[in-house]
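Novice: I'll drop the sequence and a predicted model, then ask my questions.
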Amino acid sequence: MAEILYLLLPDRDHCRDIGSKVFSRWMARAEPLAHTVTGYLATLGGCFNWGPGPMPVAALLRQYALGEAADNIWICADPAYVQPDMGGARMLACSGFDLTDTEVGALSRVLKPLFGDAGLLLETTSSEHWQLRLPKNRPLPDFDPPEQVLGDSLLAHLPEGRYARSWQALFNEVQLVLHQHPVNRARQQQGVWPVNCLWFWGAGALPLQVSTQLDWAMGEDTKLLALASQAGVPCYRQVDMHHHFGEDLAGNGLIDCTQLCSNDLGQSWQWAMTWLHAARKRELHGLGVDGRRWRLRSRDRFRFWRRGGEA
């Protein structure tokens, strides 16, 4: 049975930025596979199994960061920036604010009583990832992940259905509390985005078990690190990738290339090709967040009649 290295890739335009003739030539010789799911979360999730339902991102992140998710219900309440426009409002950022501990403390102090009145406990697990701990039997509507919301109208993504009204009200109350907060005024004066709302998503309890066919993974995204940790799979950080060049990592692996700049993306491709040629029964499988899928085997280099192609 062949060992497989999965490359979790950005969209087609980003892949073209590698600018490598070798990359283009190999892509021309790769075998296209059927398109499947799109989006980072769904593509990553396809490499792991945690049981029924959407990925419980909040519980996984809480467990990975502090090891205390227990059997509670958690939901992400990530710092976000929403900008009003003619059609209502659009989300322009979610996480990635580089908040200081002082800023996190000041914002959470005014928000915790608000959530407490609603029977929820706000936990600032890290500067970028906050969670709410919920009563176990509290019903929840469906929430869209930030990658589906960014740049789009909020009206298309606010929760709907039987249990949505209280969450919509809470979302609005958070915006009112944060609107003129001194932290946000200071951030605007510094020319950086304020945190003027929280985005709720990724609800659920910690899975009893997370399984995967991977033997190792490599990436920086905290969701990947959390999933790999729960599955008992070693996950190497890409900042240390140069230490793994020439190292023969055996078994099925995954490299998350979605957050890499062009230079690092090219370096990851070189590393993957080294891995591919180190043994006979190995394959590269591309998993594009835009739904593209392909397979590349070492023997495909003999498809010399295929001279060009797209990433």
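Specialist: Yep, it's here.

Novice: May I ask you to confirm that residue 105 belongs to a helix?
Specialist: Yes. Remark: residue 105 belongs to a helix, assigned using DSSP: H, G, I helix; E, B strand; the rest coil.

Novice: what's the neighbour count on it?
Specialist: Burial measure for residue 105: 12 neighbouring residues, criterion other CB atoms under 10 Å. C-beta: built from backbone N, CA, C; applies to glycine.

Novice: contacting residues for it?
Specialist: Contacts were defined as CB atoms under 8 Å, 6 or more residues apart in numbering; by that measure residue 105 touches residue 124.

Novice: And it, how far from residue 74?
Specialist: According to CB to CB, to the nearest Å, residue 105 stands 21 Å off from residue 74.

Novice: what about the stretch 101-250 of the chain, any weak spots by pLDDT?
Specialist: For the stretch 101-250 of the chain, the stretches with pLDDT under 70 are 239-248.

Novice: where exactly do the helices run in it?
Specialist: Chain-ordered helices for the stretch 101-250 of the chain, with DSSP state H, counting those that start in this stretch as the definition, fall at 101-117, 146-149, 165-178, 182-189, 222-231.

Novice: Relative to residue 292, which of the ones you listed is closest?
Specialist: Ranking the helices of the stretch 101-250 of the chain by proximity to residue 292 (CB to CB) places helix 146-149 first, at 16.8 Å.

Novice: So which of the helices of the stretch 101-250 of the chain is nearest residue 58?
Specialist: It is, among the helices of the stretch 101-250 of the chain and with distance given as CB to CB, helix 222-231, at 10.2 Å.

Novice: Counting by contacts, list what the closest one packs against.
Specialist: If you count contacts as 3 or more CB pairs under 8 Å, 6 or more residues apart in numbering; DSSP states H and E, helix 222-231 packs onto helix 40-45, helix 57-66, strand 235-236.

Novice: Same question for that helix: list its buried residues.
Specialist: When neighbours are counted by 16 or more other CB atoms under 10 Å, the buried residues of helix 222-231 are found to be 222-231.

Novice: how far does that helix sit from the chain's center?
Specialist: What separates the centre of helix 222-231 from the centre of its chain is 11 Å, taken as CA atoms, centre = their mean, to the nearest Å.

Novice: Name the residues of whichever strand in the chain runs longest that are buried.
Specialist: Ordering each strand of the chain by length in residues (DSSP state E) puts strand 73-85 first. In terms of neighbour count (16+ other CB under 10 Å), strand 73-85 has its buried residues at 73-82.

Novice: Distance to residue 183 for those - can I get that in JSON lines?
Specialist: Below are the buried residues of strand 73-85 laid out as JSON lines (distance: CB to CB, whole Å):
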{"residue": "73", "distance to residue 183": "29"}
{"residue": "74", "distance to residue 183": "25"}
{"residue": "75", "distance to residue 183": "23"}
{"residue": "76", "distance to residue 183": "20"}
{"residue": "77", "distance to residue 183": "16"}
{"residue": "78", "distance to residue 183": "16"}
{"residue": "79", "distance to residue 183": "11"}
{"residue": "80", "distance to residue 183": "14"}
{"residue": "81", "distance to residue 183": "13"}
{"residue": "82", "distance to residue 183": "16"}
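
Novice: just those residues now: which is nearest residue 201?
Specialist: Distance from residue 201 was checked for each of those by CB to CB. The minimum falls on residue 76, at 5.1 Å.

Novice: The closest one bridge partners, please.
Specialist: Under DSSP bridges, the beta-bridge partners of residue 76 are residue 131, residue 201.

Novice: How about residue 80?
Specialist: According to DSSP bridges, the partner residues bridging residue 80 are residue 94, residue 197.

Novice: right, and it touches residue 90 too?
Specialist: No. With contacts defined as CB atoms under 8 Å, residue 80 does not count as touching residue 90, sitting 10.9 Å away.

Novice: coming back round to it: could I get the helices of the stretch 101-250 of the chain as CSV with distance to residue 65?
Specialist: Rendered in CSV, the data for those read as follows (distance: least, CB to CB, whole Å):
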stretch, distance to residue 65
helix 101-117, 14
helix 146-149, 18
helix 165-178, 22
helix 182-189, 22
helix 222-231, 8
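
Novice: most packed of those?
Specialist: Per-residue neighbour counts averaged over each of the helices of the stretch 101-250 of the chain give the maximum for helix 222-231, namely a mean of 21 (mean count of other CB atoms under 10 Å).

Novice: Look up how far residue 228 lies from residue 219.
Specialist: Residue 219 sits at a distance of 8 Å from residue 228 (criterion: CB to CB).

Novice: Find residues that contact each of these two.
Specialist: With CB under 8 Å, 6+ apart, residue 219 and residue 228 have common neighbours residue 235.

Novice: Nearest spatial neighbour of residue 195, chain-adjacent residues omitted?
Specialist: Take residue 195 and drop its neighbours on the chain: the residue closest to it by CB to CB, 6 or more residues apart in numbering is residue 79, 4.2 Å away.
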